[in-house]
Structure formats: C-alpha cells, structure tokens
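Novice: Fold the following.
(one chain, ligands or ions: 2)
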Amino acid sequence: RAIARDLNGVAEQNPAILPRLVPVDEEDPTVFETRFLRKISDLGEGHFGKVELCCYDPHGDGRGELVAVKSLKPDCQGQLACHLRREVDTMRELYHQNIVKYKGVCSEEGGRSIKLIMEYLPAGSLKDYLPSRKVQTDPQRLLDYALQICQGMDYLGSQRFIHRDLAARNVLVENERTVKIGDFGLTKSMKEDKSYYTVNEATECPVFWYAPECLMECKFYTASDVWSFGVTLYELMTYCETSPDKVFSEMLRSPEDQKTVPVTVTRLVEMLKDGRRLACPAGCPESVYSLMKRCWAFDKDNRIQFRELIKELEELLY
Ligand code: ADP
Ligand code: MG
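Specialist: Residues are numbered from 1 along each chain as shown. Ligands and ions are numbered 1, 2, ... in the order given. Below you'll find the model as predicted:
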C-alpha cells in the first residue's frame, strides 16, 4: 500500500514519467497559466528570488487554491534564470513528507522566464514561526523537528542531492507537528574561482552554515549538509532567537581591535581549525549539544551522518 501511495504521489508530481497512470485527455496539472494566478501577498525573499502567496483559480469560480510562487527578483533576471530552472528540476524529482511539495511551473514571456509553483505552508519558515511559539513548543518538539529535517535530508542524500543551504530560514512549518525542507538551489552559487569571502558578503553567502571544505575549496558534500544541519539544530535549540551570524561575528572579532579588522572567511576557517565552535545554547541538554559537535567535525569524514543522526535523535525522543 505504501508503495502504491508513493507511486501515486510520484505520478501526481511527474506525469511525464508515468504517462499511463494519467488519463490522456486530462490536461497537465503541473502547467499553470499566468492569467489565472492572482497575487495575494508577499511571503518572503532571498537574494535572487521572491516568494508570493497566490490564488490559482482557472475556473474563475472563487474555488481556487492557494499556492506559493517563487520567481526571480526583477533585477536578477537573465543570467540567474538558470538557478530557478535548476530548482524546478530538483524539486520535481523529490517526494518526501519532509520536503516542500512541487506543484508545477508557470512560464512567461514565451518561456523566457518561469515561476516555480509549490504548496503553500501558512506558518512560514522556522525563523518566522519559532520565536513567537516558545511557550507551546517544548524541547521534545524541537528534537522532533530536528528528526524530521534529518529524515528529509537523508532522503535527499539518497537521491544524490546536496542541499547547500540548509538553515532554519529554509525549513518551512506545515503545522505544529510537521516541518519541511525548502529552498532548493537558488542561493547556492559559490564561485569556484574565489578563495575567500568577507563577512560583508555573508548576506549573499551563508558562510556560518558552511563546513570548512566549502569555505576552503568550495567543495560541497552530503557531509557539508550535515555541518549545516548542526548549525540549524543550534538555531532550533535557541528557538531561532540567536543568530549564528551574530555569534560567529562576535567570536571572530579580535579583543584588542574591536571594529577595524575586517572579519574574513580566512579567519573563520582558522578559528574552526583551532576547534572553536558555537557554544552550547542556554538550556540545551548536553546530549543534544554533543550531536551538534559531531556535525562539526573539521574533517568531513569524521562527521556523523544523517542516518546515525536519525538513530540518535530517535533514542533521545523515545
Ligand atoms: P530564497 O531562495 O529567495 O531564499 P526561499 O525559497 O528560501 O527563497 O523563500 C524565501 C522565504 O519565503 C522563506 O524563508 C519563507 O519565509 C517564504 N516561503 C518560501 N516558500 C514558502 C512556502 N511554500 N510557503 C510559505 N512560505 C514560503
Ligand atoms: Mg532561502
């Protein structure tokens, strides 16, 4: 039954793969038309893209469905169009309860630009959600979110994808019980020819979520996602109230020269080499902090893997 359900899900999302399961005369449900898409509000924006809440109502009878629509920001058109296309291609292949569901695409200007249509998660990202839900959300719940993120990431890895931007801002909340990984592919452009980034550019590039091998060689592995998961777990345990950006920047500032020394990624790497890490968040159990530290082994081969994280989190939970 589970397999049948999965197959139906796959067929639903990829009518091209299993054509016989979809009636021939039915129109492609993954093709959305611009003229039926009505913007309701802004949901958020990153460096290249913006996400809007829209209502898709092709029959014009007011029974349209709410969808989240991602498009490139007007000043990012052109050379960055491939990012969004790649994101569509990635999401199209993913089917897991902890990954945001792909719904389709909407092409515009005769196919020169596209919009990504996905399911709408009303509660937004963990960063939007958690700070104001501290009372309702007990530590067990936080660990359960962590477990779900690991399950989604384990699946992603099994499909041979590397997320490269795992962070609380990119984990969306379906309801108080379920979280899903989002943001596939738009913000991962780390130029191969660059050897370091200054923290001024950290807004473009989430260096404080990056493992040493990403910072030093621009190489990303599934183990690099594990490092980012460690930072995400840190965010979770602080109810997203402590920003790793801030804490790392403080740690990097030299005591004798508070403001003038530019904080470079070179110095971040040195600090990580020295074994310095984010400190255990207030109130976070040592057992959970030790999981973070196992995500932050300097050498990627010494890092814990998602499979094992799942086991460890389950043990802590049940
Ligand atoms: P970017 O690549 O620009 O960072 P994201 O996919 O991370 O784009 O989306 C930016 C923000 O928009 C997210 O942090 C979240 O607040 C909101 N958002 C994105 N997708 C959805 C969705 N499916 N439902 C609800 N909110 C969303
Ligand atoms: Mg994002």
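Novice: Which secondary structure state does T242 sit in?
Specialist: Three-state call for T242 (DSSP: H, G, I helix; E, B strand; the rest coil): coil.
Novice: Tell me the spacing between the closest residue to ligand 2 within the stretch 201-318 of the chain and ligand 1.
Specialist: In the stretch 201-318 of the chain, the residue that lies nearest ligand 2 is P206 (9.0 Å; Cβ to the ion). Using the backbone N, CA and C atoms, a C-beta is placed for each residue, glycine as well. According to Cβ to the nearest ligand atom, to the nearest Å, P206 and ligand 1 sit 10 Å apart.
Novice: ok, now D89?
Specialist: Taking Cβ to the nearest ligand atom, one finds D89 at 15 Å from ligand 1.
Novice: Surely that residue is in a helix?
Specialist: Yes: counting by three-state DSSP, D89 is found in a helix.
Novice: could you list every residue that touches it?
Specialist: Shown in contact with D89 (Cβ atoms under 8 Å, 6 or more residues apart in numbering): no residues.
Novice: How many residues are close by M216?
Specialist: If you count neighbours by other Cβ atoms under 10 Å, M216 ends up with 16.
Novice: and it, which of the three is it?
Specialist: Of the three states, M216 takes helix under three-state DSSP.
Novice: That one and V269 touch, don't they?
Specialist: Yes: between M216 and V269 there is a contact under Cβ atoms under 8 Å: 5.8 Å.
Novice: now the residue of the stretch 201-318 of the chain closest to ligand 2: how far from V88?
Specialist: Between P206 and V88 the computed distance is 22 Å (Cβ to Cβ, to the nearest Å).
Novice: Identify the residue nearest the closest residue to ligand 2 within the stretch 51-200 of the chain in space, chain neighbours excluded?
Specialist: Closest contact between the stretch 51-200 of the chain and ligand 2, by Cβ to the ion, is at D183 (3.9 Å). Counting by Cβ to Cβ, 6 or more residues apart in numbering, D183 lies nearest to N170, which is 3.9 Å off, once chain neighbours are set aside.
Novice: The residue of the stretch 201-318 of the chain closest to ligand 2 against A167, yeah?
Specialist: Yes: with contact defined as Cβ under 8 Å, P206 reaches A167; the gap is 6.0 Å.
Novice: residues from the stretch 1-150 of the chain in reach of ligand 1?
Specialist: 43-46, 49, 51, 68, 70, 100, 118-121, 124-125, 128 (Cβ under 6 Å from any ligand atom).
Novice: I'd like the average pLDDT over the helix ranked longest in the chain.
Specialist: Looking across the chain with DSSP state H, the single longest helix is helix 139-158. Across helix 139-158, the average pLDDT comes to 96.
Novice: V105 looks like it's in a strand, true?
Specialist: Yes: V105: assigned to a strand according to three-state DSSP.
Novice: what about it, how many residues close to it?
Specialist: V105: 19 neighbours (other Cβ under 10 Å).
Novice: Tell me where the chain has helices.
Specialist: Under DSSP H, the chain gives helices at 2-13, 81-92, 126-129, 139-158, 212-217, 222-237, 244-252, 265-273, 286-295, 306-317.
Novice: winner for burial among these?
Specialist: helix 222-237 (a mean of 24; mean count of other Cβ atoms under 10 Å).
Novice: Run the angle between that one and helix 139-158 for me.
Specialist: Helix 222-237 runs at 160 degrees relative to helix 139-158, counting by axes from the mean of the first three to the mean of the last three Cα atoms, to 10 degrees.
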